[in-house]
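**Student:** sequence and predicted structure, then a few things I'm wondering about:
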Amino acid sequence: MLLTLLTAGLVGALAISLVKRYTDQQEIDYLTSNANAAARQALPLMIPNANPYELQQLAQTAAFLGNVRVRIRDAASGVIADSGAQSGPDTFVMILPPDIGNTPDNSPSMMSILLGRRHAARGQDSSLDRMPPGTRYMLVEREDGPWGRRFVFQAVSNTPPTESAAATTASDPTGRSNRTVSVPIGDAAHTVGYVELSGAPDFGAATISATASAILVAALAASLVAGIVALFVGRGLTAPLNKLALAANRMSSGDLTTRAQVTGNDETGQLAQQFNQMAERLQSSFAEIEAERDTLRRFIADASHELRTPITALKTFNELLRNGAADDMDVRSEFLTESQSQIERLGWITRNLLDLSRLDSGFVNLDVAAHDAGEMLQAAAGAFKQAALDRDITFNVIQPEPPLAVNCDRARMEIALSNLIDNAIKYTPSGGRVTVGADAAGSIRLWVENSGAGIDPVDLPHIFERFYRGKGSNARGSGLGLALVKSVVQAHGGHVAVQNDPGQGCRFMIELPESGATAAG
Ligand code: ADP
């Protein structure tokens, strides 16, 4: 709106200055041409001696016709005739000669009437009142308008109009200009006097004020329209931004489900889409963090529980031994043996937990080298041969043909294999069968299979979770074995798969990427 007003103001100022220059020039031209005409007619009335009466009539006639003030001065600038200030519209009364109207040409030139006869501005010449009744006179009315002037002639043979009747039409639509133009009478060498014109109707000022009001109205209308348009356009622009700000506010106060309800493909629409995508990612990241936090909580609770069990057992043995149980050698030996196994269990759990957290954090440096797969299987299986024998389980290690080399951290890979073999022996009923082997078909596989009930399908999705133990699992354990296997294998870039055949048994496979396996020399 301000811009529109400013523009209108500048254009208006320019237009007004142009109009002023034009009207000023028009006024000067008008005064000069009227003055020149009067000067030409004044010249014979100044020679040889000035005729003040005729000059006064000339001044008044010229003043009436031009609606200006006319002064005629002598060569020494003394005033000879002065029409006085004009105020229009005006009415002139001219007494007509008796022959007018009877002659064939009863429409004499206006100048001859004005110059040759008595005339008077009504109300200024009381001689009209002294005229005999029935005197014919000419009523000349001058009407000045901003765009021109017209004279209305009316021959009347009755009494002249009264002052009050004329007064109803006497109103000057304009002010008077204070510009004065003076032209010499006679040529430059013989100047006998001057005609001076002033007090012309100030049509310039009227035109300028009309132009200014028109520009002002136009500027106000334009700025009003600009304001209304700006309001609508502004609303259209700010509404989507407000929605976006609202959504951002809600999100900053914790509501991650909030989305910006902005449509469209313009910049704001694209911004809203990106905002919504960001909100989507933020929400899923938070969900992941929360899930991880829950897992961590569960892990800590499970770990404390697992650690508490052997500690409680040790505490109980210790108290019983101190309270006299130590006197009985058999009981004492049994408690000490059981304590030893609980201490080993504690050691095993803490070692595994430590290993797990190291592997998960990625801070562990694997000591990777090429190792013979058969040797590794034999080494891992060695510790369980006696246990298998004790439980009447057929335990076989199938050596890969040709021999296979695996690039891995041998100590850690053997722990993973041990955990799998340990489970296989644990969950195989007496008289069953456990087999371990390795092969290379695309990727290298180290596998452990056992006969038996296999894994309960309910447990299957959870067996690699920390501290998860099968619902019907009565065997000793902590639920960390398979979790550790998974972490070790993943640290090597591989993964653990399981083939489950309920009622028949299952097979666990450590699959390592091909780059991790080479043929052993
Ligand atoms: P743990 O053996 O200490 O219970 P694991 O993490 O080693 O813990 O195993 C998790 C669960 O997976 C076991 O409780 C058991 O239910 C199931 N499981 C693992 N290995 C076998 C297997 N060879 N046969 C049947 N079930 C198994």
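**Tutor:** Cool, the structure landed. The model shown is predicted, which means the values in this text are computed figures rather than measured ones.
**Student:** as CSV, could you dump the C-alpha coordinates of stretch 373-387?
**Tutor:** Taking Å, rounded to 0.1, in the frame of the first residue of the first chain, the C-alpha atoms of stretch 373-387 are listed here in CSV:
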residue,chain,number,x,y,z
ALA,A,373,38.8,-76.0,9.4
GLY,A,374,39.2,-79.7,10.3
GLU,A,375,41.7,-78.9,13.0
MET,A,376,39.5,-76.2,14.5
LEU,A,377,36.5,-78.7,14.6
GLN,A,378,38.7,-81.3,16.3
ALA,A,379,39.9,-78.9,18.9
ALA,A,380,36.5,-77.7,19.7
ALA,A,381,35.0,-81.1,19.8
GLY,A,382,37.8,-82.6,22.0
ALA,A,383,36.3,-81.1,25.2
PHE,A,384,33.0,-82.8,24.7
LYS,A,385,34.0,-86.3,23.7
GLN,A,386,33.8,-87.6,27.2
ALA,A,387,30.4,-85.9,27.9
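**Student:** for this structure, which helix is longest?
**Tutor:** helix 267-322 (DSSP state H).
**Student:** show the subsequent helix or strand relative to that one.
**Tutor:** For helix 267-322, the following helix or strand on the C-terminal side (DSSP states H and E) is helix 329-361.
**Student:** flag every buried residue along that next one.
**Tutor:** The neighbour-count check on helix 329-361 (16 or more other C-beta atoms under 10 Å) flags 335, 339, 342, 345, 346, 349, 352, 353, 355, 356, 359 as buried. For the C-beta atoms, the positions are set from N, CA and C on the backbone; glycine is no exception.
**Student:** give the other helices and strands that it contacts.
**Tutor:** In terms of contacts (3 or more C-beta pairs under 8 Å, 6 or more residues apart in numbering; DSSP states H and E), helix 329-361 is packed against helix 267-322, helix 481-491.
**Student:** so residue 37, which state does it fall into?
**Tutor:** Three-state call for residue 37 (DSSP: H, G, I helix; E, B strand; the rest coil): helix.
**Student:** can you state the direction angle for the longest helix of the chain and helix 329-361?
**Tutor:** 160 degrees (axes from the mean of the first three to the mean of the last three C-alpha atoms, to 10 degrees).
**Student:** what about helix 267-322, distance to the chain center?
**Tutor:** Distance of helix 267-322 from the chain centroid (C-alpha atoms, centre = their mean, to the nearest Å) equals 41 Å.
**Student:** for stretch 21-32, same thing?
**Tutor:** Stretch 21-32 sits 56 Å away from the centroid of its parent chain (C-alpha atoms, centre = their mean).
**Student:** in it, what's buried?
**Tutor:** Of the residues in stretch 21-32, those buried (16+ other C-beta under 10 Å) are 23, 27, 30, 31.
**Student:** picking up where we left off before, of the buried residues of helix 329-361, closest to residue 10?
**Tutor:** Nearest to residue 10 among those, counting by C-beta to C-beta, is residue 359 at 78.1 Å.
**Student:** just to revisit the earlier point, for the buried residues of helix 329-361, give me CSV that also has distance to residue 372 and pLDDT.
**Tutor:** Output for these, formatted as CSV (distance: C-beta to C-beta, whole Å; pLDDT from 0 to 100):
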residue, distance to residue 372, pLDDT
335, 44, 87
339, 39, 90
342, 37, 88
345, 32, 83
346, 34, 89
349, 31, 84
352, 26, 82
353, 31, 84
355, 24, 83
356, 27, 83
359, 24, 83
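**Student:** what sits against residue 268?
**Tutor:** 237, 240, 241, 244, 262 (C-beta atoms under 8 Å, 6 or more residues apart in numbering).
**Student:** distance of residue 74 relative to the ligand?
**Tutor:** With distances taken as C-beta to the nearest ligand atom, to the nearest Å, residue 74 is found 136 Å from the ligand.
**Student:** wait, isn't that residue in contact with residue 193?
**Tutor:** Yes: the pair residue 74 and residue 193 qualifies as a contact (C-beta atoms under 8 Å) at a distance of 4.8 Å.
**Student:** any shared contact partners between these two?
**Tutor:** Common neighbours of residue 74 and residue 193 (criterion: C-beta under 8 Å, 6+ apart): 46, 50, 80.
**Student:** flag the least confident of those.
**Tutor:** Among the shared contacts of residue 74 and residue 193, residue 50 has the lowest pLDDT, at 84.
**Student:** so residue 369: helix, strand or coil?
**Tutor:** Going by three-state DSSP: residue 369 is strand.
**Student:** partners of it in the sheet?
**Tutor:** Here residue 369 sits in beta bridges with residue 408, going by DSSP bridges.
**Student:** and for it, the neighbour number?
**Tutor:** 11 (other C-beta atoms under 10 Å).
**Student:** can you name the residues that contact it?
**Tutor:** Shown in contact with residue 369 (C-beta under 8 Å, 6+ apart): 407, 408, 410.
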